[in-house]
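Novice: Predicted model follows, preceded by the sequence.
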Amino acid sequence: MKKHTFLLLFPFFITLACTSGTVKENRASSSSVSEKTSQAGASTVNESWAYYSLGIDLKSRALENPSSPEAVELMKQALEFFQKSEKGGEAKGRVYFQISDCCYYLNRHDESIKYGWMAVEHEPEFTEPYNRLYSIYMKRKDMNRAADVLEKLLSVKKDNAYNMYILGEHYYKYMHNKKRSAEIFHRLVELSGKNPSAEPYLEHAYYYLGYMAFTSGEAEKSVEYFEEVMKKNPGNIRAEYLLAILYYELSRFSDAERSALSYIDSDPDNMGAASIAGRVLYVKKDPRCVKYLRMGASLDNTEGIICRALLSEVYGEYVESAKELENLLKARPGDAAVHAANAAVKRAAGDLRNACKSLISAGVLMFEGGEYDLARSFLTQAADIDDGAAELHYYLGRTYEELSALSMAILSYKKVNELKPSVELILHIGYLYGVSRDYDRAYEYFNSAALQSPESAKPYFMRGLVSIWKEDYTTAEQDLRKAIDIDAGKDSHFFYLAVALEKKSDLKGAIDALEKAVKINSDNAEANNFLGYLYADNSINLERSLELVGKALRAEPNNGAFLDSIGWVFYRQGKFPLALEKLLEAEMRLAEENNPDPVVFEHIGDTYLKLGDADMAVKYWERALEQKGGKENAKLLEKINQHKKQER
């Protein structure tokens, strides 16, 4: 970040020496000339400005050599001229600032403060008085008044990124007010979306936010901020180190390994980073762990004890390792490496029951950290010892589901249901059969759940959802209406009813259902977008359409489907350039998600045609046709052929 001279955090205070003698002759004669000039100026119409100009001249000469004996006399004369200028009533804000500044250099700080605030009152947009006031308050260590100066300046210049940054830093460093500091830095981040001047300060703003979250124990939030820091500056090693700690704490071991090793590249002897790398590599059974565990073992803290315990297990010193691990399991129950080492030690001692427990604990921690392959490894090892624990099979099921191994997930959930029957689990098994397109088995489980829990709307809702996937919209409508009869307070029931009705070309029914969905939950972005799109696509209620889709976009500004909808609203309003802008943005966002949509291509083509570019229109219509899998689409083919003929 570039250095700035404005609002110095450690102001340089110039002390002007008091003199008991007279000013040197040449300076005295200069003063006489100035006095004569002032008299001449005073006789002019603009005598106030003449005094002001003379004050500026004398002040500048005083500051040329502030330690000289005559500097004080020159500054006093400058002050007298500014005071005379004040009486003229011209540009009082500037005059008051000059008086304040002279008083400052003459060590008359109370007067400097008085005139500084008078300058602010008369000319709030003028920044120099704020600088002077801030410098004085900082020198006096009056941090509250210094903050008041910055707050006042920010109230006048609301979108000044540098002011925001300095104020946020001031609250954090000098007042230890993390709440207010965070508020200011959040404003700075929000400002960056509309003001490029905020960009130079974002790395440090995110770092402060991340560190405040880190010290408050908000690990996940802290990670989000530090990851933003790394996007701004991949070389920020302080953020890299803190990320390594946080990733490890959250059992995100692959990320922890990457960050720890990256930090070690910059600081090869850092034992803290080495302890993280060593523990991660130990869990992964990577032989490199020994090198880093040895480094981490030198630490005189809990991390050092963990590294020594893991090394003992690696070397087969199970008795020594067991002693340390027994205490570590209590001190660090969330450390997967500790559980992994304990499992190995207990298994070596023939204590399979406790080995299984530690394997399950390690597996669950790995699952929660998103390390699904590692989770599966630990959990399947536990199952090899004892497959009678419902928790074990539940997490195995969830792990397989995350790995898209749905048949294995279903088997695991069935095992859980045998050990601990649950209607919710039966519904989830049915859902997974539906995702796997085994609709008959899905209905079988939903029917079973309905029999076991006739007062619940969920079995009918799930049946309706799967029927939509099956494209059986009549059955879907029936089941979703049954779910609504049981529970009319769920916006999701009405949303999916609208999906089924729209597929049945029942526009009025779909709109009525969506209006009920958004009435129940006005923040349902999907429902707002769907309803807004239906209005736009049918050229009705366009103002409400814009309002609904706009609300959806405020919730998810990068949602490609929502961007397509807002583009289509603008198209229907005849705002074709704006429509094209949003539709092309929708295309880009969906491409980033590897989820291109032929409807978006068709909309772009239609918009290009309205803008008079038939070639681009045909190009996008052809892309829409290709995206539909080459299936014939009469409407698209007709448009393509019509405009190709016109070209010929």
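Specialist: Great, that's in hand.

Novice: Of all the helices and strands in the chain, which has the lowest average confidence?
Specialist: helix 25-42 (a mean of 40; mean pLDDT, DSSP states H and E).

Novice: Could you list every helix and strand that the next helix or strand after that helix packs against?
Specialist: Counting by DSSP states H and E, the next helix or strand C-terminal to helix 25-42 is helix 47-64. When contacts are defined as 3 or more CB pairs under 8 Å, 6 or more residues apart in numbering; DSSP states H and E, helix 47-64 packs onto helix 25-42, helix 71-86, helix 92-105. (Glycine included, C-beta is placed from N, CA and C.)

Novice: And the contacts of the last one?
Specialist: Counting by CB atoms under 8 Å, 6 or more residues apart in numbering, helix 92-105 makes contact with 14, 16, 52, 55-56, 59, 62-63, 66, 75-76, 78-79, 82-83, 85-86, 109, 111-116, 118-120, 122-123, 126, 128-129, 132-133, 135-136, all of which sit outside it.

Novice: Now restrict the residues you listed to buried residues only.
Specialist: 16, 52, 55-56, 59, 62-63, 75, 78-79, 82-83, 85-86, 109, 111-113, 115-116, 118-120, 122-123, 126, 128-129, 132-133, 135-136 (16 or more other CB atoms under 10 Å).

Novice: quick one, strands of the stretch 151-300 of the chain?
Specialist: Counting by DSSP state E, counting those that start in this stretch, no segments of the stretch 151-300 of the chain form strands.

Novice: give me phi/psi at residue 106?
Specialist: Dihedral pair for residue 106: phi -90, psi 10, per degrees, to the nearest 10.

Novice: Could you find the closest non-adjacent residue to it?
Specialist: Among residues not flanking residue 106 along the chain, residue 75 sits closest, at 5.7 Å (CB to CB, 6 or more residues apart in numbering).

Novice: can you check residue 644 too?
Specialist: Distances taken as CB to CB, 6+ apart place residue 618 nearest to residue 644, at 6.2 Å, with adjacent residues excluded.

Novice: shouldn't that neighbour be in contact with residue 642?
Specialist: No: if you go by CB atoms under 8 Å, residue 618 and residue 642 don't touch, sitting 9.5 Å apart.

Novice: higher neighbour count, the two?
Specialist: residue 618 (21 against 11; other CB atoms under 10 Å).

Novice: mind listing what that one touches?
Specialist: Applying CB under 8 Å, 6+ apart, the residues near residue 618 are 605, 640, 643-644, 647.

Novice: in which helix or strand would I find it?
Specialist: Following DSSP H and E, one finds residue 618 within helix 614-627.

Novice: which parts of that helix are buried?
Specialist: Judged by neighbour count using 16+ other CB under 10 Å, the buried positions of helix 614-627 are 614, 616-625.

Novice: ok, of these, which one's closest to residue 514?
Specialist: Distance to residue 514, by CB to CB, is smallest for residue 624 among the buried residues of helix 614-627, at 25.6 Å.

Novice: you'd agree the closest one is up against residue 598?
Specialist: Yes: if you go by CB under 8 Å, residue 624 and residue 598 touch, sitting 4.1 Å apart.

Novice: how far out from the middle of the chain is the helix holding residue 618?
Specialist: Relative to its parent chain, helix 614-627 has a centroid offset of 37 Å by CA atoms, centre = their mean, to the nearest Å.

Novice: after that helix, next one along is what?
Specialist: Proceeding N to C from helix 614-627, the next assigned helix or strand is helix 634-647, under DSSP H and E.

Novice: Any idea how far that next one is from the middle of the chain?
Specialist: Per CA atoms, centre = their mean, the displacement of helix 634-647 from the mean C-alpha position of its chain is 46 Å.

Novice: what's in contact with it?
Specialist: 602, 605, 609, 614-615, 617-618, 621-622, 624-625.

Novice: low pLDDT regions in the chain?
Specialist: Applying pLDDT under 70 to the chain picks out residues 1-46, 89-90, 629-632, 645-648.

Novice: what ranges do the helices span in the stretch 451-600 of the chain?
Specialist: Applying DSSP state H, counting those that start in this stretch to the stretch 451-600 of the chain gives helices spanning 458-469, 473-486, 491-503, 507-520, 525-537, 542-555, 560-572, 576-592, 598-610.

Novice: for the last one, packing partners?
Specialist: With contacts defined as 3+ CB pairs under 8 Å, 6+ apart, the secondary structure elements packing on helix 598-610 are helix 560-572, helix 576-592, helix 614-627, helix 634-647.

Novice: go on, the longest one?
Specialist: Contacts defined by 3+ CB pairs under 8 Å, 6+ apart place helix 576-592 against helix 560-572, helix 598-610.

Novice: now the last one and helix 560-572, what's the angle there?
Specialist: Pointing back at helix 598-610 there. If you take axes from the mean of the first three to the mean of the last three CA atoms, to 10 degrees, helix 598-610 sits at 30 degrees to helix 560-572.

Novice: Which residues belonging to helix 598-610 are considered buried?
Specialist: Neighbour counts over helix 598-610 (16+ other CB under 10 Å) mark 598-609 as buried.

Novice: got the CA positions of that helix in PDB?
Specialist: The C-alpha trace of helix 598-610 is given here as PDB (Å, rounded to 0.1, in the frame of the first residue of the first chain):
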ATOM      1  CA  PRO A 598     -29.900 -22.500 -23.900                       C
ATOM      2  CA  VAL A 599     -32.600 -20.200 -22.800                       C
ATOM      3  CA  VAL A 600     -30.000 -17.500 -22.000                       C
ATOM      4  CA  PHE A 601     -28.500 -18.000 -25.500                       C
ATOM      5  CA  GLU A 602     -32.000 -17.600 -27.100                       C
ATOM      6  CA  HIS A 603     -32.600 -14.400 -25.100                       C
ATOM      7  CA  ILE A 604     -29.300 -13.000 -26.200                       C
ATOM      8  CA  GLY A 605     -30.100 -13.800 -29.800                       C
ATOM      9  CA  ASP A 606     -33.500 -12.100 -29.500                       C
ATOM     10  CA  THR A 607     -31.900  -9.000 -28.000                       C
ATOM     11  CA  TYR A 608     -29.300  -8.700 -30.700                       C
ATOM     12  CA  LEU A 609     -32.000  -8.900 -33.300                       C
ATOM     13  CA  LYS A 610     -33.800  -5.900 -31.600                       C
END
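
Novice: what does that helix contact?
Specialist: With contact meaning CB under 8 Å, 6+ apart, helix 598-610 is reached by 560, 564, 567-568, 571, 576, 579-580, 583-584, 586-587, 590, 614, 616-621, 623-625, 627-628, 636, 639, 643.

Novice: What segments of the stretch 351-500 of the chain are strands?
Specialist: For the stretch 351-500 of the chain, strands defined by DSSP E, counting those that start in this stretch do not occur.

Novice: rewinding a little: looking at it, the residue nearest to residue 106 is touching residue 58, isn't it?
Specialist: Yes: when contacts are counted by CB under 8 Å, residue 75 is listed as touching residue 58 (7.4 Å).

Novice: Just want the angle from the helix holding residue 618 to helix 598-610.
Specialist: Relative orientation of helix 614-627 versus helix 598-610 (the same axes, to 10 degrees): 170 degrees.

Novice: wait, what's in contact with the closest residue to residue 165 other than its chain neighbours?
Specialist: Leaving out its chain neighbours, the residue that sits closest to residue 165 by CB to CB, 6+ apart is residue 201, at 4.2 Å. Taking CB under 8 Å, 6+ apart, we find residue 201 in contact with 1, 161-162, 164-165, 188.

Novice: can you check residue 585 too?
Specialist: Contacts of residue 585 by CB under 8 Å, 6+ apart are 563, 567.

Novice: how close does it get to residue 553?
Specialist: Remark: distance between residue 585 and residue 553 (CB to CB, to the nearest Å) = 11 Å.

Novice: what is in contact with those two at once?
Specialist: Any residue near both residue 585 and residue 553 by CB under 8 Å, 6+ apart counts here, and that gives residue 563.

Novice: what separates the residue lying closest to residue 74 once chain neighbours are set aside from residue 79, distance-wise?
Specialist: In space, residue 74 comes closest to residue 62 once its chain neighbours are excluded; the distance is 3.8 Å by CB to CB, 6+ apart. Separation of residue 62 from residue 79 (CB to CB) stands at 10 Å.
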